[in-house]
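K.L.:
Need coordinates for the following:
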Amino acid sequence: MRLLRQRGAQGLSSLEALRFAIMRLPNRTSELRKIGFVIEGRSEAGGVMRYFLRSEPKNPRPLLSYAERSRELEATALPLFLGVRP
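P.N.:
Sure thing, here's the model as predicted:
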């Protein structure tokens, strides 16, 4: 997050993030988006992505843990073979 802020209009590329030992940048940006940050991603040559912080949330949403997301999914998902009989 700090690097995205610092980079401003230059953005932060996936290669640059590796220099700072930031792994899985797409995952981190996805988490920030779920919290409410607006992050734009642009494709560059060689499969490199560049990310730009466009805005920050005034009231960030909490990021659910894996266990919380799993319980939420189980509560809303239908069983795959509901009502199917051989």
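
K.L.:
mind listing what the most centrally placed residue in the chain touches?
P.N.:
Residue closest to the mean C-alpha point of the chain, counted by Cα atoms, centre = their mean, is Ser30 at 0.6 Å. For Ser30, no contacting residues are found, by Cβ atoms under 8 Å, 6 or more residues apart in numbering. Using the backbone N, CA and C atoms, a C-beta is placed for each residue, glycine as well.

K.L.:
which residue ranges form the strands in the protein?
P.N.:
12-13, 38-43, 49-55 (DSSP state E).

K.L.:
Can you tell me how far the residue nearest to the centre of the chain is from Leu63?
P.N.:
10 Å (Cβ to Cβ, to the nearest Å).

K.L.:
next one: Leu53
P.N.:
Applying Cβ to Cβ to Leu53 and Leu63 gives a distance of 17 Å.

K.L.:
Low-confidence regions, this structure specifically.
P.N.:
72-86 (pLDDT under 70).

K.L.:
just the helices in it please.
P.N.:
2-7, 14-19, 25-35, 66-76 (DSSP state H).

K.L.:
nearest to Ser43, of those helices?
P.N.:
helix 14-19 (10.2 Å; Cβ to Cβ).
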